[in-house]
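Engineer: pasting the sequence and the predicted coordinates here, then a few questions.
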Amino acid sequence: MWGIVPAAGRGSRIQPLAFSKELLPVGSRSDKGLDRPCAVSEYLIERLILGGADKICFVISPGKSDILEYYGDRYGSAELAYVVQPQASGLCDAVFRASTVVGDHESVLVGLPDTVWFPKTALSTLPDADLSFLLFPVDHPEFFDAVVLDGERVREIQVKQADAESTWIWGAFRMSAAGFRDLHLLWKQRACRDEYFGTLVNGYIKAGGCGIGVKAGESYVDVGTLNGYRTAMALLTDAQSARPENRPAAAPFVSEDVEKSSPATTGGTA
């Protein structure tokens, strides 16, 4: 299974930085018995691997070679690949650019590399369906993609809608090989105009597709703002004190170098 990491964004909400926002140090991890700073994107990569991914594809912009230098060709048990997105053209464009390496025969997991969420094993709860979403409870769904369900089936995704019907947002998702192909084809049929994945999914549902929502998430933090960074640090401190197993595992490669504003934390408990 592939994990896709869309990492071509400019990170304008937390600039200025001297490096890619995905390498922002957030918390720490143990490396050969020593504590080292942990890049925020490592939390997602660890969760993708725990969800079943054995290969990870980073989608980066031309100026983000520091991500390649930091991670190299492997992280833990996963092999890494890199695809370039020439311009930051939205999540759909980023996800489907990975098709050049993902191919047509494997399922994929997708998450956002500037987020921290728990439980870290939650992706393993997603079914082997064409499309399924890992959902998290939020206080301010209007800043995210709120997922409206009929039972477990996704009825609609309300993208940054002021009067969102649901207080559950998606934080990551899974597609079967067939689902990935169908959504990619639909995106191209819609002239590649969908930037948000939610609007594409709404079109997919109207065309007869089916999405599943799984309420397995507990807490979710967007680290793309200064307030979010502070909240993530507090969340990790609490989680690591209470549950040491949540700390990211050491990676075999470690470098010596190290859209709209949203609330920092979007979660409570399920």
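Structural biologist: Nice, I can see it.
Engineer: all contacts plus neighbour counts: C-alpha atoms, from now on.
Structural biologist: Noted.
Engineer: so, low pLDDT: which residues of the protein?
Structural biologist: 10-18, 240-270 (pLDDT under 70).
Engineer: if we use 80, what do you get?
Structural biologist: Applying pLDDT under 80 to the chain flags residues 9-19, 30-32, 224-233, 237-270.
Engineer: quick check: most distant residue from the centroid of it.
Structural biologist: residue 33 (28.4 Å; Cα atoms, centre = their mean).
Engineer: contacting residues around that one?
Structural biologist: The contact partners of residue 33, taken as Cα atoms under 8 Å, 6 or more residues apart in numbering, number zero.
Engineer: what segments of the protein are helices?
Structural biologist: Secondary structure of the chain by DSSP state H: the helices cover 40-50, 65-71, 91-97, 99-102, 177-189, 197-206, 226-242.
Engineer: which of those helices sits closest to residue 156?
Structural biologist: helix 197-206 (5.9 Å; Cα to Cα).
Engineer: now do that closest one: which elements does it pack against?
Structural biologist: Where contact means 3 or more Cα pairs under 8 Å, 6 or more residues apart in numbering; DSSP states H and E, helix 197-206 is packed against strand 153-159, helix 177-189.
Engineer: using CSV, list the CA coordinates for stretch 62-79.
Structural biologist: What follows is stretch 62-79, C-alpha atoms only, in CSV (Å, rounded to 0.1, in the frame of the first residue of the first chain):
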residue,chain,number,x,y,z
PRO,A,62,10.7,22.4,-6.9
GLY,A,63,12.1,24.4,-4.0
LYS,A,64,11.6,21.8,-1.3
SER,A,65,14.7,19.7,-1.8
ASP,A,66,15.4,19.9,1.9
ILE,A,67,12.6,17.3,2.5
LEU,A,68,14.4,14.9,0.2
GLU,A,69,17.7,15.6,2.0
TYR,A,70,16.1,15.1,5.4
TYR,A,71,14.3,11.8,4.7
GLY,A,72,16.4,10.2,1.9
ASP,A,73,15.0,7.0,0.4
ARG,A,74,13.6,5.2,3.5
TYR,A,75,11.8,5.9,6.8
GLY,A,76,11.5,3.0,9.2
SER,A,77,10.0,0.0,7.2
ALA,A,78,8.8,2.2,4.3
GLU,A,79,10.6,3.0,1.0
